[in-house]
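**Q** let's see this in three dimensions:
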Amino acid sequence: MARLRPDERAFFHEHGYLMVEDAVDAALLARLQRDFEAWVEESRGHAAAWGDTLDGRPRFDLEPGHSAEAPKLRRVNAPIEVSDAYYAATMDSRMVDCVADLIGPDVKLHHTKINSKLPGGHTEVKWHQDFPFTPHTNDDVVTALLMVDEVTETNGALEVLPASHRGPIHGLWHDGVFTGAVSDDVTAASRPSARLCTGPAGAVCLMHTRLLHGSAPNRSDRPRTLHISVYSAEDAIPCSPNPMPTRYQGHLVRGRRTGRVRSIGYEIDLPQLPTTASFFDQQARHGEQDAAGP
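**A** Just a heads-up that it's a prediction; the model follows:
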């Protein structure tokens, strides 16, 4: 059964993103919130990133300045491996049905993560497109950003540049360094026309993989936590290793296996895989490049 109206699907394909409320039911949302709150409490006992993932990098990442008194848990890698609630949201919820309406009927999972901006933190996401991090043979790839908390104008909402998914794929390498961010010129040109994606807890922003986006730090006293699931059409084959390997990569969430590959024409520099817990360390290099000058 279709979960999106024709006008909603048309909006996504024209603008590159779509907000949908009630992407998970209230009971599941409460479980998601409880699990994340428990991880925040656990983080009080750690001074550095901790936990294990499939490729040996930490599962839980802390923002600089984290302390037991003021926890700043900013990333959980592959939460579906350690939480039944996050597994359920990613594999079988209305959110997945909406994704299938956009790029289905045959849809598979690529990876999942949680990005959180807790009060008092300084984490921002510099402007970029997801596709250069996770290139596939075609761009029927959707990033689903499920709002575990209410997202407001002041707690670090996602900013997107409408229709930029139909434009060029921008490089993330600058002066031989993979920064995970587009150039300052592209960022400056994007911000004046950007749109904020705000909504209640339980809403989801469905975003095309080539859409330009970023987000400012949380300037409020309320948390902003997003559960991020990346899905692709079944016939979109990854062109580089997964930046967050998981035993569920390639899991078919809707439809069937076709055994086919569909390709589109494009050229792109392959990404550099992160060696630390998250890409925030890669994006920090962009600031270092700016400070160093040309």
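**Q** for the residue nearest the centre of the chain, list each beta-bridge partner.
**A** The chain has I228 as the residue nearest its centroid, 4.4 Å off, counting by Cα atoms, centre = their mean. I228 has these beta-bridge partners by DSSP bridges: K113, L145.
**Q** measure how buried K113 is and give me the count.
**A** By other Cβ atoms under 10 Å, the residues close to K113 number 22. C-beta coordinates here come from the backbone N, C-alpha and C atoms, glycine included.
**Q** so for it, what pLDDT did the model give?
**A** At K113, the model reports a pLDDT of 97.
**Q** would you agree it is in contact with R75?
**A** Yes: between K113 and R75 there is a contact under Cβ atoms under 8 Å: 6.3 Å.
**Q** and for these two, which residues touch both?
**A** S278 (Cβ atoms under 8 Å, 6 or more residues apart in numbering).
**Q** and the closest residue to M147 other than its chain neighbours, what does it touch?
**A** Closest residue to M147 apart from its sequence neighbours, by Cβ to Cβ, 6 or more residues apart in numbering: A203 at 4.9 Å. If you count contacts by Cβ under 8 Å, 6+ apart, A203 has them with M19, V20, E21, D22, A23, L146, M147, V151.
**Q** how about those residues, which pair is most distant?
**A** Spatially, the most separated pair among the contacts of A203 is D22 and V151, at 14.7 Å (Cβ to Cβ).
**Q** higher neighbour count, those two?
**A** Using other Cβ under 10 Å, the more surrounded residue of D22 and V151 is V151, with 27 against 13.
**Q** please enumerate the helices of the stretch 51-200 of the chain.
**A** Under the criterion DSSP state H, counting those that start in this stretch, the stretch 51-200 of the chain carries helices at the ranges 84-91, 94-103, 184-190.
**Q** out of those, deepest packed?
**A** Mean neighbour count (mean count of other Cβ atoms under 10 Å) peaks for helix 94-103 among these, with a mean of 22.
**Q** pull the residues that contact that one.
**A** 1-4, 9, 12-13, 18, 20, 22-25, 89-90, 107, 140-142, 144, 146, 204, 206, 229, 231-233, 253-255.
**Q** switch to 7 Å and redo it
**A** 2-4, 9, 12, 20, 22-24, 89, 107, 140, 142, 144, 146, 204, 206, 231, 233, 253-254 (Cβ atoms under 7 Å, 6 or more residues apart in numbering).
**Q** and those, which of them are in strands?
**A** V20, V107, V142, A144, L146, V204, L206, Y231, A233, V253, R254 (DSSP state E).
**Q** who wins on neighbours among those?
**A** Highest count within these by other Cβ under 10 Å belongs to Y231, 29 neighbours.
**Q** thought it was touching D106?
**A** No: contact criterion Cβ atoms under 7 Å: Y231 and D106 do not qualify, at 10.8 Å.
**Q** would you mark the buried spots in stretch 12-30?
**A** F12, H15, G16, Y17, L18, M19, V20, A23, V24, L28, L29 (16 or more other Cβ atoms under 10 Å).
**Q** take the residues you listed and keep only those in helices.
**A** F12, H15, L28, L29 (DSSP state H).
**Q** for D61, state which of those residues is nearest.
**A** Distances from D61 to those, taken by Cβ to Cβ, are shortest for L29, at 23.3 Å.
**Q** for the stretch 151-294 of the chain, which segments are assigned as strands?
**A** 158-160, 173-174, 177-178, 195-197, 204-208, 213-215, 224-233, 252-254 (DSSP state E, counting those that start in this stretch).
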